[in-house]
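In: Give me coordinates for this.
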Amino acid sequence: MKKIGLIVGLSFLAGAVFFALTFGFLQKSADESPRLSPVVAQAQSAPQQGGPNLVILVKKVKPAVVKVLSESVAQRRSPFGDEFFNAPSRPEKVTGVGSGFFISADGYIITNNHVVEDAVKVKVITSTDQEYSARIIGKDPKTDLALLKVKGDNFPFVTLGDSNSVEVGEWVLAIGNPFYQDLSVTAGIISAKGRQLGAAQYEDFLQTDAAINRGNSGGPLINMEGKVIGINSAIIAPAGGNVGIGFAIPANMANKVVRDLQAKGRVVRGWFGISIRTLTEEEAKDFDIPMSGALITDITGDSPASRAGLRRNDMIVEINGQRIKTDTDLKRIMADSSPGDIMDLTVYRGSEKLKMKIKVAESPDSTYRVSGTGEENTSLDLGMVLVNNNRNLAREYDLRTAKGILVREVKRGSAAAQSDIKTGDVIFGINRYEINTVNEFRDILAKKAPGSSVFLYINRYGDEFIIKFQLPEE
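Out: Reported below is the predicted structural model:
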């Protein structure tokens with residue numbers, strides 16, 4: 001019996017030790033989880049002594065954030081089969097909700113392009129429930145950014161910070177209007193940098209676990225200094241809601257877009273005249289190249305690249321001292337450069353390492369502002385994006401001419417759409433004046449009164465005709 005009692009006692013003791021160790025291990029694992037940690041929970045709900053005072057921070061930046069209401073027109077088909085009855089589709093108003101924020105006291109607002117992309121009317125509502133009509137100064141689909149303007153002054157605003165200095169693990173706040181809820185604030189950290197989603201042509205997303213949902217698009221991602229380091233833009237949401245993976249456009253990328261739209265009415269990007277793709281380290285061995293980089297697959301004739309002496313199958317591995325690992329790295333640097341810049345390249349041609357210089361030109365598809373032609377009396381929303389035509393665009397759109405200006409985009413329900421102007425149309429004349437640049441087009445329109453009409457000479461895939469285009473009222 002004593003032996004049996006001893007065995008039972010030892011078994012109980014071993015079980016107790018096993019339970020204690022197991023419980024301790026599980027408790028430690030839970031404590032180490034950033035989602036379950038009591039410290040993190042406290043930081044998200046109330047400021048800690050010696051930690052970031054989120055209450056003060058929110059009071060500082062929240063007044064600069066706005067709700068963005070966009071009204072667009074969609075064509076709704078009858079449920080009874082319009083094609084059979086030959087019935088026309090019916091226009092229907094569609095209202096979308098997003099977020100934005102003031103970046104100046106005189107009423108400039110940043111938001112996402114996809115928030116106002118097809119809008120025929122835009123309103124913003126401030127944190128004090130003041131409502132304003134907003135006009136679209138310009139849109140940039142390639143970064144998914146847009147710039148709005150409302151009339152007034154002394155608006156509370158926030159400033160754009162340096163997103164390049166952001167560190168993974170840094171605390172951030174996301175402010176916006178998720179699911180129609182007015183100005184909600186969430187907290188989290190920067191989870192990663194340099195993410196690519198394929199949502200826009202130029203991407204370098206900051207990833208955060210601060211809760212971002214539908215309606216947050218265009219709102220600011222704020223650091224602990226109260227500066228905007230990103231514009232909340234996208235989520236990965238298998239179930240339709242936040243799962244802790246949100247993405248923001250870096251403030252440094254937004255800074256250039258905003259400056260260009262304010263100063264020039266268009267986004268001016270640098271251009272090399274090359275087609276590129278990422279060459280992996282495994283593929284590099286087949287090209288007898290010692291590292292990965294951006295491989296040139298094609299070169300446009302009479303381009304900066306051809307004049308610099310670059311060739312097909314050259315691989316660019318460095319620009320101005322910055323390492324190029326992927327084609328995305330190179331695209332981002334090209335987009336951030338300005339026409340006339342001289343850039344130093346490190347290039348591999350097979351195993352031969354070359355040092356070259358290239359003079360940057362303006363990208364032929366730089367985007368022009370949608371809302372007209374410049375000053376206050378010509379701030380009409382014409383509803384189309386125009387670019388100077390050239391041989392590359394003519395090939396891209398299968399056009400028969402490289403002259404005139406190309407209609408790159410037409411908004412549904414806009415003045416351009418109502419006049420039957422189509423994407424891919426080439427405007428080569430206005431009121432008997434031949435035009436070859438967007439600036440010439442804008443100069444002529446600047447002399448016309450709102451509501452007046454002009455005649456546009458259009459080339460549509462080889463067919464030429466005239467469209468009477470009525471300018472919208474102010």
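In: where do the helices sit along the chain?
Out: For the chain, applying DSSP state H gives helices covering 2-32, 38-45, 54-61, 82-85, 113-116, 251-264, 281-286, 304-308, 327-336, 391-396, 415-418, 438-445.
In: Check those for me: which has the lowest mean pLDDT.
Out: Least confident of the helices of the chain, judged by mean pLDDT, is helix 38-45 with a mean of 33.
In: Run through the stretch 151-300 of the chain and note the low-pLDDT ranges.
Out: For the stretch 151-300 of the chain, applying pLDDT under 70 flags the ranges 198-201, 237-242, 265.
In: from memory Tyr433 sits against Ile444, does it?
Out: Yes. Under the criterion of CB atoms under 8 Å, Tyr433 makes contact with Ile444 at 6.2 Å. In short, each C-beta sits where N, CA and C put it, glycine included.
In: Looking at those two, which one has more neighbours?
Out: Using other CB atoms under 10 Å as the criterion, Tyr433 and Ile444 rank with Ile444 on top: 15 against 12.
In: could you measure the more buried one against Lys403, distance?
Out: Distance of Ile444 to Lys403, computed by CB to CB, to the nearest Å: 17 Å.
In: if I pick Ile276, what's in contact with it?
Out: Going by CB atoms under 8 Å, 6 or more residues apart in numbering, Ile276 touches Ala294, Leu295, Ile296, Thr297, Ile316, Asp327, Leu330, Lys331.
In: Out of these, which comes closest to Leu279?
Out: Leu295 (4.1 Å; CB to CB).
In: End to end on stretch 162-175, go ahead and measure it.
Out: Terminal residues of stretch 162-175 are spaced 19 Å apart (CA to CA, to the nearest Å).
In: Quick check: buried residues in that stretch?
Out: Neighbour counts over stretch 162-175 (16 or more other CB atoms under 10 Å) mark Ser163, Val166, Trp171, Val172, Leu173, Ala174, Ile175 as buried.
In: And for stretch 453-473?
Out: Buried, per 16+ other CB under 10 Å, within stretch 453-473: Val454, Leu456, Tyr457, Ile458, Asn459, Arg460, Ile467, Phe469, Leu471, Pro472.
In: what's the closest of those to Ser306?
Out: Nearest member of the buried residues of stretch 453-473 to Ser306, counting by CB to CB, is Asn459, at 28.2 Å.
In: The closest residue in space to that closest one that isn't next to it in sequence: how many residues sit nearby?
Out: Once flanking residues are discounted, Asn459 sits nearest to Val426: 4.2 Å by CB to CB, 6 or more residues apart in numbering. Around Val426 there are 23 other residues, counting by other CB under 10 Å.
In: Return the set of residues that bridge with Val426.
Out: Val426 has the following beta-bridge partners by DSSP bridges: Leu406, Asn459.
In: distance of it from Val360?
Out: From Val426 across to Val360, the span is 27 Å (CB to CB).
In: before we move on, the earlier item: quickly name whichever of the buried residues of stretch 162-175 is closest to Ser70.
Out: Comparing the buried residues of stretch 162-175 against Ser70 with CB to CB picks out Ile175 as the nearest, at 18.9 Å.
In: Now the closest one: closest residue in space, sequence neighbours ignored.
Out: Nearest residue to Ile175, sequence neighbours excluded (CB to CB, 6+ apart): Val65, at 4.8 Å.
In: For the one you found, grab the count of nearby residues.
Out: Counted with other CB under 10 Å, Val65 comes out at 26.
In: how is the chain carved up into domains?
Out: Under the assignment automatic domain parsing, the domains of the chain span 2-32, 43-257, 270-362, 367-470.
In: could you dump those domains to JSON lines with distance to Lys264?
Out: Converted to JSON lines, the domains of the chain look like this (distance: least, CB to CB, whole Å):
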{"stretch": "domain 2-32", "distance to Lys264": "51"}
{"stretch": "domain 43-257", "distance to Lys264": "9"}
{"stretch": "domain 270-362", "distance to Lys264": "11"}
{"stretch": "domain 367-470", "distance to Lys264": "9"}
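In: Compute the distance between the residue nearest to Asn459 and Ser133, please.
Out: From Val426 to Ser133 the distance is 33 Å (CB to CB).
In: got any ranges where the stretch 351-474 of the chain has weak pLDDT?
Out: Per-residue confidence for the stretch 351-474 of the chain (pLDDT under 70) gives these ranges: 364-380, 396, 474.
In: 90 instead, please
Out: Scanning the stretch 351-474 of the chain for pLDDT under 90 picks out 351-352, 361-403, 406-420, 422-425, 431-455, 459-474.
In: For Asp204, give me its contacts.
Out: Residues Lys193, Gly194, Arg195, Gln196, Ile249, Pro250, Met253, Thr328, Arg332 are the ones in contact with Asp204 under the rule CB under 8 Å, 6+ apart.
In: give me the beta-bridge partners of Lys355?
Out: Using DSSP bridges, the bridge partners assigned to Lys355 are Thr346.
In: how near is it to Val172?
Out: Counting by CB to CB - Lys355 and Val172 are separated by 40 Å.
In: just Asn313 next, same as before
Out: 42 Å.
In: and what of Ser363?
Out: Ser363 is 32 Å from Val172, where distance means CB to CB.
In: Could you do Asp344 as well?
Out: Taking CB to CB, one finds Asp344 at 35 Å from Val172.
In: same thing with Lys93?
Out: Counting by CB to CB - Lys93 and Val172 are separated by 36 Å.
In: what do you get for Lys353?
Out: The gap separating Lys353 from Val172 is 41 Å, by CB to CB.
In: now swap in Ile435 and tell me
Out: In terms of CB to CB, Ile435 sits 47 Å off from Val172.
In: right, and the pair among the buried residues of stretch 453-473 with maximum separation?
Out: Asn459 and Pro472 (24.0 Å).
In: that older thread, the residue nearest to Asn459 is in contact with Leu393, isn't it?
Out: No. Taking contacts as CB under 8 Å, Val426 lies outside contact range of Leu393: 9.3 Å.
In: can you list residues touching both of these two?
Out: Common neighbours of Val426 and Leu393 are listed as Leu399, Leu406 (criterion: CB under 8 Å, 6+ apart).
In: which residues does Val65 contact?
Out: Ser99, Gly100, Phe101, Ser127, Ile175, Gly176, Leu183, Gly219, Pro220.
In: Let me know the closest of those to Ala146.
Out: Looking across the contacts of Val65 and measuring by CB to CB, the closest to Ala146 is Gly100, at 8.5 Å.
In: That closest one: neighbour count?
Out: By other CB under 10 Å, the residues close to Gly100 number 29.
In: Who does the residue nearest to it when sequence neighbours are not counted form a beta bridge with?
Out: With sequence-adjacent residues excluded and distances taken as CB to CB, 6+ apart, Gly100 is closest to Thr111, at 3.6 Å. Taking DSSP bridges as the rule, Thr111 bridges to Ala146.
In: ok, of the contacts of Ile276, which come out buried?
Out: Ala294, Leu295, Ile296, Ile316, Asp327, Leu330, Lys331.
In: now those residues in CSV, with distance to Asn53?
Out: What follows is the buried ones among the contacts of Ile276, written out as CSV (distance: CB to CB, whole Å):
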residue, distance to Asn53
Ala294, 44
Leu295, 50
Ile296, 51
Ile316, 46
Asp327, 43
Leu330, 42
Lys331, 40
